[in-house]
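A.B. asks: Provided below for reference: sequence and predicted model.
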Amino acid sequence: MHVLGIIDRGADGDALERVVNRTVDRLAQEGRVGVIRYDATIADGMHTHEPTAVGGDVIYDLGADGDWTATGTGMTVGGALDQLAIDCDYAIVVGVDGLRYPTVVVGSSDVDGDTVAAVENDGDLDVEAVATALAETEAYETLESLVDRVKRSPKADRAGAIATFTGRVRAKDDADDSRTQFLEFEKYEGVADERMAALETDLEARDGVLEVELHHRTGVVEDGEDIVFVVVLAGHRGEAFRTVEDGINRLKDEVPLFKKEVTVEDEFWVHERS
């Protein structure tokens, strides 16, 4: 699933709504679209499967109760994204500043950071350019979205096992260590994706292995967040477990990813320190 933010910087009238609707209509040509709205005035932001003010397949209205949560559900914006990732191809997050994802700014022509478009009004928006830029960004995946994908495989009726591995950011190796605040990952553009795809194909060629999904996040990943997933659909547990272990070991050895560690006292690229 690809994530796009849309924020208002003083747009006139209903310009923000028109930008959202135009963007939803364009992305819906490629797949299912979910919409997450954050609005401090929403008193009861309960989940509904029938969008009201905007098109799309799913909408989550998140009200202001101090922590970006939907009133009565305990769902955060991140939690809503996790839900949409299972069965949506795109998610549009409306009204949330500081996202780590590509963003369209309405009501300003200033472009910075992850901004993919900044327009004074909806008529200035090139939705084709936004769709193209979004397709080139890293997909938002969760363990659940990857597991759901392999379950929908045409080969799933031959599967008796799904094995998974999740790697996460460890705050400390030992109790006396300086706490790790976050890791930052960069990939060797082009090469990393090719190696990952080749590794999936190689693992799927094993006897008894039906589907393999590998995903490694890039950018900033904070303490406690998930970094990497390996999901294997197999006929039996033995080949599933072996393939998961081999998958993560080979991913670390064969896919060119570079890791910076930032602690409360220091920061360094791990390959240079090693």
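C.D. replies: Cool, the structure landed. What you see is a predicted model; the values in this text were computed from it and never measured.
A.B. asks: Most remote residue from the middle of this structure, which is it?
C.D. replies: Taking CA atoms, centre = their mean, the residue of the chain most remote from its mean C-alpha position is residue 176, at 32.9 Å.
A.B. asks: In three-state terms, label it for me.
C.D. replies: Here residue 176 is recorded as coil under DSSP: H, G, I helix; E, B strand; the rest coil.
A.B. asks: Also the one 10 residues further on?
C.D. replies: Following three-state DSSP, residue 186 is assigned to strand.
A.B. asks: And the pLDDT for the residue farthest from the centre of the chain?
C.D. replies: Looking at residue 176, its pLDDT stands at 81.
A.B. asks: Same question for residue 54.
C.D. replies: 49.
A.B. asks: again, but for the one 4 residues further on
C.D. replies: According to the model's per-residue confidence, residue 58 sits at a pLDDT of 67.
A.B. asks: next one: the one 4 residues further on
C.D. replies: Confidence at residue 62, expressed as pLDDT, is 63.
A.B. asks: Likewise for residue 112?
C.D. replies: According to the model, residue 112 scores 74 on pLDDT.
A.B. asks: go on, the one 4 residues further on?
C.D. replies: We note a pLDDT of 91 for residue 116 in this prediction.
A.B. asks: From what I see, it and residue 105 are in contact.
C.D. replies: No. The criterion here is CB atoms under 8 Å, and residue 116 misses it with residue 105 at 9.2 Å. (C-beta placed from N, C-alpha, C; glycine too.)
A.B. asks: and residue 244, which of the three is it?
C.D. replies: helix.
A.B. asks: Count residues in the vicinity of it, would you?
C.D. replies: 20 (other CB atoms under 10 Å).
A.B. asks: Give me the nearest residue to it, chain neighbours excluded.
C.D. replies: In space, and not counting its chain neighbours, residue 244 is closest to residue 163: 4.5 Å by CB to CB, 6 or more residues apart in numbering.
A.B. asks: Could you pull up the residues touching the one you found?
C.D. replies: By CB atoms under 8 Å, 6 or more residues apart in numbering, the residues touching residue 163 are 231, 232, 234, 237, 240, 241, 243, 244.
A.B. asks: at 10 Å what do you get?
C.D. replies: Contacts for residue 163 (CB atoms under 10 Å, 6 or more residues apart in numbering) come out as 230-234, 237-245, 247.
A.B. asks: For residue 116 and residue 105, list the residues in contact with both.
C.D. replies: Common neighbours of residue 116 and residue 105 (CB under 10 Å, 6+ apart) are residue 5.
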